[in-house]
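Q: only geometry, no sequence info:
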């Protein structure tokens, strides 16, 4: 049996035209060699066009088609050809890097694309992941593999993967592919330990990024690891930023926070490198100094549109939640998990982990804003309770101090919530004066949710009130407040309404009592409202769903897309109920009014009331027709008959009618003719009859219970009645003595004990 060599030790013979040398010796090439490289120029990826014009979409579609064709070709290549192309083709690496850098993130604003382009983009997204997955696998099958340590060298020396690429892969493919992606990243770090060293060197770089952001916003450091608190070094850089600069800063913080969060969720062992550099305390200081200032700047700035402002606020919320969730993952991996896994015999390491956790949480108590968001996503009380249960060598005073500090922060936040957003629903996202988030449950998502439709929809509405009032309603609220305070600017009033969940009465009350939150106290009271641009008119040259539709209801009287004068009175929901009744028809005098106008022309007074002039006269008494003639004539072709009720007795002809009609009529007659005494006697007779029947049944049951003599057997009726009596005997006589005794004893009416 031939021995199968790994790819790095294989040599493949050249094609027939080149397989012999000068001495008749067959020539071979290593399986991983530039000789096998195909001349394919992989195009770089470009994000979807924002303007969406036809020419841009066609160009982008053509680029995606070429890229899709090349990726399909690459994945179909044999093992040695695939790795030769990956290692030696620079255009392939540039194309893959361009997608990781420019591909839309789940939290980016959506771009409207036609269905066929959206489907093609999803196909590119899947093919890129398949390429990276194959690049991270050193053994595809028994016949196709690479020596593990050589595989690690290939990845590292050729820069096929690095820490930034891995983080971007976690952000793009964490949702729905978390298990597969976790194995892929773990395999990379296992086969090449140098990536762990690169990760440890990357953490200080990330901390430097936070320092640069603070410098950009006018925040400086006193020392290497300490920052001046908010209010002591306000240089005003945040307030003087333009909308574009502020948007870039917030988007950059959010992208960094979400990338770190996704990476640590996919590969938790990386949290140790961050913990060693005191990443949690540094992020808490960064959050405490900068985040409230950024949120206040978003409120003060005049934005081009309300949608842009909502987008920036959403990304600011995501940045705060991403930073808090990243710190939670680090603490859970490096502190809580070792405490639970440490053996009871190794008391020294167990206590070291406990001290590390308590010291870290105690350092966060001074960061009120960060601790509020942190405590909303992590139950610190439960963690401390687990620690107390795990060992008895713990300082209770220390733990009680931490718990009191956390409760104080939550109490102050709860009080602030009641003052500023009374009546707001607990499921909506409401922010306080310092950027604290009341409810983060809807915003915190695991990486496996990043690619789901539900999470994308949630991201699309994050940071924006679910029941936000319309523009007309906001104008009405501002007008109601400005009636009492005409000196205030519209922008200041709008900021107050947003802070108080658009409760104008609460805003007016707190302005009168001078109880506005500190954030609104510092706001310029003459601030004008940002102009809202008018809605853009649709371009008739661009095809939409409405322009392409064709149905039988187009341009009819109820087509709201083509006309504005729809008669809403003719529209109803469900089955239409007729409201006309007999009374309403009779009470309708519209026809009478029309006739009255005609009679007025002839000077005839018409009255619609009942005429009782001739009620006392014998109308028709002097007519020629006598009573006999009337009796002899037919009325509607039927002879006159005397009603049966007025007859004194029946005749033979009447007895000849049908038997069923006679019986029914006799019953009806009896119902009217029976006196009350007769009915009472009949009811008494029926009751007596029922009593006799019941006594007969009781006697038959007793006879059945008695049965026959012993030895002769018993009938089924006897056995049935005996079972019934035995089952229900507790309902009569004194067969439930035990239950009654227990009842007396429970009421202390009998002997105790």
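A: Nice, I can see it. Keep in mind that this is a model prediction, so the values were computed, not measured. Numbers count the residues shown, from 1 in each chain.

Q: Give me the mean pLDDT for stretch 313-328.
A: Averaged across stretch 313-328, the pLDDT comes to 91.

Q: Then stretch 89-104?
A: Here the average pLDDT along stretch 89-104 is 93.

Q: so how far is that stretch off the chain centroid?
A: Chain-centre distance of stretch 89-104: 34 Å, with Cα atoms, centre = their mean, to the nearest Å.

Q: give me the element residue 476 is part of.
A: Using DSSP states H and E, residue 476 falls within helix 471-482.

Q: Can you point out the buried residues in that helix?
A: Across helix 471-482, burial judged by 16 or more other Cβ atoms under 10 Å covers 474, 477-478, 481. In this view, the C-beta of every residue, glycine as well, is placed from N, C-alpha and C.

Q: Can I get the residues you listed in TSV including pLDDT?
A: Below are these laid out as TSV (pLDDT from 0 to 100):
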residue	pLDDT
474	84
477	85
478	87
481	86
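
Q: closest to residue 745 among these?
A: Of all the buried residues of helix 471-482, residue 745 sits closest to residue 477, with 69.1 Å by Cβ to Cβ.

Q: Quick one: residues contacting that closest one.
A: By Cβ atoms under 8 Å, 6 or more residues apart in numbering, the contact set of residue 477 is 469, 493, 497, 502, 504.

Q: Quick one: list the elements packing against the longest helix along the chain.
A: If each helix of the chain is counted by residues according to DSSP state H, the longest one is helix 676-706. Counting contacts by 3 or more Cβ pairs under 8 Å, 6 or more residues apart in numbering; DSSP states H and E, helix 676-706 is packed against helix 716-727.

Q: Just the local confidence number for the residue nearest to residue 301 when sequence neighbours are not counted, please.
A: Closest residue in space to residue 301, ignoring its immediate chain neighbours: residue 243 at 5.8 Å, by Cβ to Cβ, 6 or more residues apart in numbering. At residue 243, the predicted lDDT confidence score is 86.

Q: go on, residue 432?
A: pLDDT for residue 432: 36.

Q: Also residue 745?
A: Note on residue 745: pLDDT of 80.

Q: separation between residue 211 and residue 255?
A: The gap separating residue 211 from residue 255 is 17 Å, by Cβ to Cβ, to the nearest Å.

Q: The two - which one has more neighbours?
A: Using other Cβ atoms under 10 Å as the criterion, residue 211 and residue 255 rank with residue 255 on top: 19 against 15.

Q: now the longest helix of the chain: how far from the chain's centre is it?
A: Here helix 676-706 is found 68 Å from its chain centre; the criterion is Cα atoms, centre = their mean.

Q: which parts of it are buried?
A: In helix 676-706, counting by 16+ other Cβ under 10 Å, buried: 704-705.

Q: again with stretch 307-317
A: Buried residues in stretch 307-317, counted by 16+ other Cβ under 10 Å: 309-317.

Q: now stretch 348-357
A: For stretch 348-357, the neighbour count (16+ other Cβ under 10 Å) marks 350, 353-354, 356-357 as buried.

Q: Closest one of those to residue 512?
A: residue 357 (47.5 Å).

Q: Just the pLDDT at that closest one, thanks.
A: Listed pLDDT for residue 357 reads 87.

Q: which residues does it contact?
A: Residues near residue 357 by Cβ under 8 Å, 6+ apart: 331, 335-336, 339, 383, 387.

Q: Relative to residue 386, how far out is it?
A: Distance from residue 357 to residue 386, by Cβ to Cβ: 10 Å.

Q: what is in contact with those two at once?
A: 336, 339.

Q: returning to that earlier point: from the contacts of residue 357, which single one is nearest residue 46?
A: Closest to residue 46, out of all of those and judged by Cβ to Cβ, is residue 331, at 40.2 Å.

Q: any low-confidence regions in the stretch 501-650 of the chain?
A: Residues of the stretch 501-650 of the chain meeting the criterion pLDDT under 70: 530-546, 548, 576-580, 601-650.

Q: Sketch out the helices for it, chain order is fine.
A: 504-512, 518-521, 545-548, 582-587, 590-601, 627-632 (DSSP state H, counting those that start in this stretch).

Q: Could you point out which of these sits nearest residue 287?
A: Among the helices of the stretch 501-650 of the chain, the nearest to residue 287 by Cβ to Cβ is helix 518-521 (16.1 Å).

Q: Against which helices or strands is that closest one packed?
A: Helix 518-521 sits against helix 279-300, helix 490-499, with contacts defined as 3+ Cβ pairs under 8 Å, 6+ apart.

Q: looking at the ones you listed, which has the lowest confidence?
A: Across the helices and strands packed on helix 518-521, helix 490-499 has the smallest mean pLDDT, namely a mean of 84.

Q: got the residue ranges for the helices in the stretch 251-400 of the chain?
A: Here the stretch 251-400 of the chain has its helices, by DSSP H, counting those that start in this stretch, at 271-276, 279-300, 306-331, 337-341, 347-364, 368-377, 380-390, 396-420.

Q: Output these in JSON lines, with distance to residue 689 appended to each entry.
A: Converted to JSON lines, those look like this (distance: least, Cβ to Cβ, whole Å):
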{"stretch": "helix 271-276", "distance to residue 689": "90"}
{"stretch": "helix 279-300", "distance to residue 689": "89"}
{"stretch": "helix 306-331", "distance to residue 689": "82"}
{"stretch": "helix 337-341", "distance to residue 689": "81"}
{"stretch": "helix 347-364", "distance to residue 689": "87"}
{"stretch": "helix 368-377", "distance to residue 689": "78"}
{"stretch": "helix 380-390", "distance to residue 689": "75"}
{"stretch": "helix 396-420", "distance to residue 689": "74"}
